[in-house]
Each structure stands twice: as C-alpha cells, then as structure tokens.
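In: Predicted model and sequence follow; I will ask about them next.
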2 protein chains.
Amino acid sequence: MPSSQRGTNQEAVRRHNLGTVLRHVHRTGEISRAQLTTAMGLNRSTIADLVGELAELRLTEHAEPGGGGTAARRTAGRPSAGVRVADEGPYVIAVDLGVDRAVVARVGLGGRAFERAEAAITHETEAWQVGASVAALIRHVVSWAPAEAPLLGIGISVPGLVRRSDGLVRQAPNLGWTDVSFGSIVQAALDLDVPVRLGNDADLGALAEHNRGAGLGVDDLIFISGNVGVGAGIISGGARLEGAVGYAGEVGHLNFDPRGPACHCGSQGCWETAVGAHVIAEALRSPGDQVHRLGEILDEVTTAPRELRPIATDIGRGLAAVVNAYNPSVVILGGYFRPMYRLLRAEVNAGLAERAMAPAFESVRLSLPGLGTDSVLLGAAENAFEPVFADPVASLATAVTDARSRLAG
Amino acid sequence: MPSSQRGTNQEAVRRHNLGTVLRHVHRTGEISRAQLTTAMGLNRSTIADLVGELAELRLTEHAEPGGGGTAARRTAGRPSAGVRVADEGPYVIAVDLGVDRAVVARVGLGGRAFERAEAAITHETEAWQVGASVAALIRHVVSWAPAEAPLLGIGISVPGLVRRSDGLVRQAPNLGWTDVSFGSIVQAALDLDVPVRLGNDADLGALAEHNRGAGLGVDDLIFISGNVGVGAGIISGGARLEGAVGYAGEVGHLNFDPRGPACHCGSQGCWETAVGAHVIAEALRSPGDQVHRLGEILDEVTTAPRELRPIATDIGRGLAAVVNAYNPSVVILGGYFRPMYRLLRAEVNAGLAERAMAPAFESVRLSLPGLGTDSVLLGAAENAFEPVFADPVASLATAVTDARSRLAG
C-alpha cells in the first residue's frame, strides 16, 4: 500500500473515532473521559486527543466531573475529566411537517430544542407554498441563533413514503403529494446551499425514542405515528428496518376489514380507515376542520366518551398485526394514539390480546412516548445530525457558518 | 495487554478468517484463491495459509483452475489455484418437519444434498414419537455416509414459533405443540451428543433462498411458506429480521377478514383462514386426509380449476400487507403457494395490485423458489452449518467423528 493511501486510511479511522466520541457526547449530553474510554475501547491518550480535537472544532467543551462545574468540586491542578456539548455550538433545524401545520425548531447537540415556531398549512396549499412557509419559519428560528454557531443541516419529517436514496417524497396522501422533492424546494426558498435530509414521520419518531426516549436501550421497538394517517417506524435488532427502498412500516395500510370504507391509498378497509383521525373526530362530534388538532383535543379530555371505546379496541386489534409481523418488545404510541392509549388503555390491551399470537403478545409491552409530543420533531433533528457523527470534519466543511446573517435578508 | 491474551486474540481472528474462507467456499462450491483474496481483502500468503489449514482440517481440498481438474489444464509446477469443498468431508443432517411427514437429508458443504429419507407423521402423534421417527430417519441416512466423515450437527425446521435463545418450540399450532424442546428429544432418541439447531420453516426457507436460490444477492427478500399454515421468513438489509424473541414474520395471522372463520391461533379471520391448505383442498374437493399433500396434488394440475381463482386473489391481497409492512424487493412463494402462483399468476398479481401501496408495489416482484421444493430443507442445513463458519476448529471439536458406527447400533 503506498504511504499516501495508508495516511488516508488512518485519517478516515481518526474521523470515524472523532464522530463516535461526538455521538456518545450527543446521546448523553455530558460524559466523563473514563466512560468514553470504556465505551470505545481506546486508550486514554487517544481519547484525550480526540476530545481535544472536538473542542478545537467547537463541537464540545470541557466539563467538570459530576457536571456541576462549581469551583468546590474542581480538583486543583487536574485537567477537567469530562466533555459535554458546546453551549453555543453547531445546530440543526428540525421540521415536523404535519398535515395542517409545520413545526420548526433549532436543535443543538445533545438533543436540546431551543427556539421553535409553527404555522398552519391550509389544505389546498401547493408543495412550493408549503416550502415557502417552512422557509419563513426557519428564517425566524435561525434569527435567534448565536451569531457564529454553524448550521449543520436541516432535517424534515414528512407524513408519507420517502425514498431512501434521494429523499424524494414518493407519496404523501394526506398532503396530496406525489413525487415531490421537498428538500430542494426548501433549499430554493431559503436560497441556501445547506444539507437537507428527509424522513418518514414514524421512522423519525422511532429514531428519537430509541436514542433518547422510551426506547432507550431497547433493540426491538416500534413507534406508531398517528398524524391523520397511521404509520410505524421499526427498530429491529438495534437498527432501522427500512425495506428495499425505504417504505417499510406502512402498517396503516394493512388489511383490517375488507367491507370497510375505501382508503385514499386505493385499497379498501385498511386499518387506517378504522382508527384514523377522521374516525375519532367523528366519534367526538368534532368539527371536520378540527381533525388535524385531534391530539390536542384529546389531551384535554379527562374521561373518555363511550363512543371512543370500539375505536380503542380496533387500535389494539390492528396493533396485533404489528406485533405478529415484527415481534417487538416495546410499541410506543405516538401522535393521537398517545392520548387514546392514556384514556382507553384497557380497550387497547383487550383488542391486542384478542388478535395477537400468545408468544408474541407475552413478549411485548405498550408504552407512551418518552418525548411527549416531540418524538417526530426530535427525530428529524437526530436525522440531520447523522452526517456529523459519520465525519465531523466533513460535516463542518459543508455547514453554513453565517446562517443568521445569510437568512436575515 | 499480557502476551498470552494477545495470542488468544490473534487466534480468534485467525479462526474467524478461517471460517470466512470456508463460508465463501461453501457458498460457491468452488472458488479461486484470487477471488478469495479479493473478497476478503487479505494478502495472498495469508489466504494460502488459511486454505492450507482448511485442507489439513479436511474441510476443503485443492481444485484446478476452471474446475475441470483435467491434466491438460494443469500448469506444471504451479500449485493448484482453487479450493473446493471436500468430497468426503464433514456434513450436517437437515430435517424438514412438516405437519404430516418429516424429510431428512444428509447435506455436505456446498449445500449438496446426498441421501434422503422421509416418513409420514400421523396427526395424533406425540412429540416424543415424532422425535423417534426423525431419529430413525437420521440413522438411516447416516448409514450411507462415508465412514470417517464427521457429523457437524443437525438442523431442524419446524412449522411454528421457535424461541431464538434456546430453540424451544413455543407454539406449533398445526402440530398441536406448546413449549416442546424438540432438539433435546431428538438427541435423546439418538443417544448422541450432537449440536442441534432449530428454526422456523419460513425463516429457513428465506435463508436458503438468500444463500443459494432465487434471493441470491437480494438484500430485501421474503420467503412465504405454505405448509398447512402460512408464515414469512424475512431478510431485510441483508440480515434476518428476527424480532425481540425470534417470532417476527407471522404473516399468516395478520388480519384479513374480521367476519372470517375462527383461527387456531385464537383470533378470527386471519389471512391463513382464507388461503390456508384446508381452504384450497376444499376448493379442489380433495379428501381431508390429503390436505398435507396439497403441494404435490397441485403440482400435478395443469389448468387451474375456476374454484381456485378467488383464493389466488386473496393470496395476492394478503401479500399486499406483506409488501406494505416490509417493503421487500422480492417475495418468493414457497410450499403450496409455489404451484398456486404457477397456475394463477394473474389472479395473485391482481390481488396484490389492488391492495398494495403504489410505491411499494412498484419496487417488488414475486418469484418462484430457486430451490424448488427444497428451500426449507436446505435452509435447515444452512442453519446447522453456521457454527462451522463462525469457528471451524471449535465446530470440528464438537462434531461426531464416528457417527456412522455410533448410530448403527
């Protein structure tokens, strides 16, 4: 091997290690060097070098042992023993694109959501108009960022099928989109060459709950999104189940009742037609234009109306298919399934017990999200951070260092 | 690190490399050293050492370039440039346990099935009686083995839920089994301390089709087993989808029609109740005791009777759920689905198109098995071979070197 090539390989290994250290700091917010040494199986001086380089790159900063940072805890003469994410360090923009509105937040390493903003999206809006709204929200949120903090990228969650290879939104029925390159639309509206990564809402919810929510340390979990439509994000054996093109987990369109209503997907009697937001809103006699606020409306309910009970049972019956198909150990109920489960836990469990195979049923538990209503938003952020963990140096090279001034115009 | 520990690690790496070379030879049957060097990224002398050691262990033997072995092709003075599985080398016993009969075969490295034997299993047989029948078949088949060839292990396929941690058959409804440690039963019946590995029939079918059948080189494939019951073995991103305990892929028990008949799993209207062997046998007016021979009966049919058409459509409709759930690029139709698809391709495709989401439908194709009716049997063999690829030295240490004489008694 020529020595220049060997040098390139060593550099690749170093960047990989740098990213892995950063990922550990990001997951924990703060971590001691001793913990890093154990977690990574590298020696102490290598860890010290990597930590030093991350600090030079302004991705992390030194932290006192115990995280207190008070003078009393400091051991005189010893270097500080920990590392944490930089206070005014790089950030990403997370976009949770719902059917009726977009939520945008600025999120720092460690998963800290700083400023956020949201706007309604009316039903007939074209994709480019949605892009313009999202861009305005991004400008607004970035205007609060520290002047010199680099913008690493934008992560966008979409309620639809996203092609893994290029992020094309192949189909988002509730938005009325087919083959929309929404990432490029947002870049165009911002007039900014910034990395954009799109993902399916349920996949991103699963990612965030796995990294820092109710699925922490769980290798086989499913996040069910209830966002007008119904989908699942699946982590199996510790890794995302993607499928050939990225569309795995369309559980809202599993067969449920062949005599059921027509589904917007073209089929009939899909699970979504029995437990979708429209069905629940109708049972609540909620005005049709309020269907997109269903989660909030249900959050205000303290005693479940009788009319919701059969729907809760059907939620459990559909979850039985999810449990039989994927054999998860935890199913996290997101979106409007969160309040439905809080209100009607017995009915959901009864429906699940009725239809799931006994051994699979015995090995699963249902759970509320650990991140409240932010699972999907924080998952969009996690997705946007991915490149910086793969290679911090390359990611910083494509970051926008003057985003605040560039977007102020 | 103490030098003895370093030595242990180097030994582990060497055994790992040894196993990986053997896996390459097993997959291909015969491979040149140049191909091995490329595939493994090791240098030529290391490959030569590993190949030499495999030959000493009698796992492989030298092969002439081109595989011809004729004197004309030999380049005088040069060492032979290839390696192939040993002709009278170690073998495994593969057992395909169906609902009505067991098929047993002796399978060598390279996936070559040598002698085979089968026996009927009557419906009321207890698990230990089935074990005794299987043991008798194994004795029969082993009696034909080369006297000194080591028996590496036994791989058994079961139509039911197999717990990954210990191979316990948690539930095999069509056999009437709950919590049966069938591996221990077979060991007891043979009075032989031989490694036994159990797997679900669909999982093993997927494994064999992925390694050497219609799924060769396909990272996202599903094998559908039709063996009285219906199940799926799923390879996703190149790896088996197992789920938390090993039960993923119970697609026969996905919801299909809530007004459908009761299912033996305890639920109602599962897909299996619409497309299971009993339904097809009834449509064919086949006698009830012939239901287990359904694949063979269908193999003799040249023109599909009209009565099978709606069942074929329901096969496609249920496959739509499989496609929506896992987004595979290939679905391989095994068991009695193989002749059903051969006879009624248009109906199956129409049912699939009717219910699958368009982007997922566009990225999938249906396929007949590449291994005919042997997918599951050869998958049981592949599973039994796994330990020898992980560590050939350790696997040979637990192999039974005098199996023929030990089992002759």
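Out: Cool, got the structure. What you see is a predicted model; the values in this text were computed from it and never measured.

In: alpha carbons only for contacts and neighbour counts from here, please
Out: Noted.

In: ends of stretch A:195-208, how far apart?
Out: For stretch A:195-208, the first-to-last residue distance is 20 Å (CA to CA, to the nearest Å).

In: close to chain B, is it?
Out: No: using CA under 8 Å from any CA of the partner chain, stretch A:195-208 stays clear of chain B, with a minimum separation of 13.0 Å.

In: model confidence over that stretch, on average?
Out: Here stretch A:195-208 scores 97 as its mean pLDDT.

In: and the stretch 201-350 of chain A, which residues reach chain B?
Out: A:219-220, A:236-237, A:241-251, A:253-258, A:265-268, A:318, A:320-321, A:324-329.

In: Quick one: buried ones out of those residues?
Out: Listed as buried from these are A:219-220, A:236-237, A:241-251, A:253-258, A:265, A:267-268, A:318, A:320-321, A:324-329; burial here means 16 or more other CA atoms under 10 Å in any protein chain shown.

In: longest helix anywhere in chain A?
Out: helix A:3-28 (DSSP state H).

In: other SSEs contacting that one?
Out: Counting contacts by 3 or more CA pairs under 8 Å, 6 or more residues apart in numbering or on different chains; DSSP states H and E, helix A:3-28 packs against helix A:33-40, helix A:44-56, strand A:82-85, helix A:375-390, helix A:392-398.

In: one more time with 7 Å, if that's ok
Out: Other elements packing on helix A:3-28 under the criterion 3 or more CA pairs under 7 Å, 6 or more residues apart in numbering or on different chains; DSSP states H and E are strand A:82-85, helix A:375-390, helix A:392-398.

In: Need the ones you listed in JSON lines (columns: mean neighbour count and mean pLDDT).
Out: Listed next are the helices and strands packed on helix A:3-28 as JSON lines, based on neighbours: other CA atoms under 10 Å in any protein chain shown; pLDDT from 0 to 100:
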{"stretch": "strand A:82-85", "mean neighbour count": "25", "mean pLDDT": "92"}
{"stretch": "helix A:375-390", "mean neighbour count": "26", "mean pLDDT": "97"}
{"stretch": "helix A:392-398", "mean neighbour count": "16", "mean pLDDT": "95"}
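
In: would CSV of those with distance to chain B be doable?
Out: What follows is the helices and strands packed on helix A:3-28, written out as CSV (distance: least, CA to the nearest CA, whole Å):
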stretch, distance to chain B
strand A:82-85, 26
helix A:375-390, 19
helix A:392-398, 26
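
In: Tell me which of these sits nearest to A:G98.
Out: helix A:375-390 (10.1 Å; CA to CA).

In: Could you check how far the closest one is from the centre of its chain?
Out: 7 Å (CA atoms, centre = their mean, to the nearest Å).

In: And stretch A:181-199, by the same measure?
Out: The answer for stretch A:181-199 is 18 Å, by CA atoms, centre = their mean.

In: How is chain A divided into domains?
Out: According to automatic domain parsing, chain A comprises the domains A:3-85, A:91-203+A:376-408, A:217-367.

In: residues near the residue in the stretch 51-200 of chain A that chain B sits nearest to, how many?
Out: Per CA to the nearest CA, A:R170 is where the stretch 51-200 of chain A lies closest to chain B, at 6.9 Å. The local packing of A:R170 (other CA atoms under 10 Å in any protein chain shown) involves 19 other residues.

In: for A:A283, same thing?
Out: Quick note: A:A283 (other CA under 10 Å) scores 15 neighbours.

In: What does A:P146 show for phi and psi?
Out: With angles defined as degrees, to the nearest 10, A:P146 sits at phi -60, psi 140.

In: Inside strands: which ones of the buried ones among the residues of the stretch 201-350 of chain A next to chain B?
Out: Counting by DSSP state E, the members of these that fall within strands are A:S236.

In: Quick check: phi and psi on A:P305?
Out: Backbone phi and psi, for A:P305 under degrees, to the nearest 10, turn out to be phi -60, psi 150.

In: From the buried ones among the residues of the stretch 201-350 of chain A next to chain B, which land in helices?
Out: Short answer: these in helices (DSSP H) are A:G318, A:A320, A:A321, A:N324, A:A325, A:Y326.

In: returning to what we had before: where does the residue lying closest to the residue of the stretch 51-200 of chain A closest to chain B once chain neighbours are set aside sit, in terms of helix or strand?
Out: Distances taken as CA to CA, 6 or more residues apart in numbering or on different chains place A:D179 nearest to A:R170, at 4.4 Å, with adjacent residues excluded. Assessed by DSSP states H and E, A:D179 sits inside strand A:177-180.

In: by contact count, what packs against that strand?
Out: strand A:169-172.

In: Partner strands of the strand it packs on and their direction?
Out: Applying DSSP bridges to the sheet, strand A:169-172 is found paired with strand A:161-162 (antiparallel), strand A:177-180 (antiparallel).

In: which regions of the stretch 201-350 of chain A lie under the pLDDT threshold?
Out: Judged against pLDDT under 70, the stretch 201-350 of chain A has no low-scoring part.

In: one more time with 80
Out: A:288-290, A:292 (pLDDT under 80).

In: tell me the phi and psi of the closest residue to A:F385 other than its chain neighbours?
Out: Distances taken as CA to CA, 6+ apart put A:V92 closest to A:F385, at 6.9 Å, once the chain neighbours are dropped. Main-chain dihedrals, A:V92, degrees, to the nearest 10: phi -120, psi 160.

In: right, and A:V92 touches A:E382 too?
Out: No: checked against CA atoms under 7 Å, the pair A:V92 and A:E382 is beyond contact range at 8.9 Å.

In: returning to that earlier point: got a list of what the residue nearest to A:F385 touches?
Out: Contacts for A:V92 (CA atoms under 7 Å, 6 or more residues apart in numbering or on different chains) come out as A:R106, A:V107, A:G108, A:L151, A:L152, A:G153, A:I154, A:A381, A:A384, A:F385.

In: A:A105 now?
Out: A:I93, A:A94, A:V95, A:A113, A:F114, A:E115, A:R116, A:A117, A:V141.

In: from what I can see, it looks like it's in a strand, true?
Out: Yes: assigned with DSSP: H, G, I helix; E, B strand; the rest coil, A:A105 falls within a strand.
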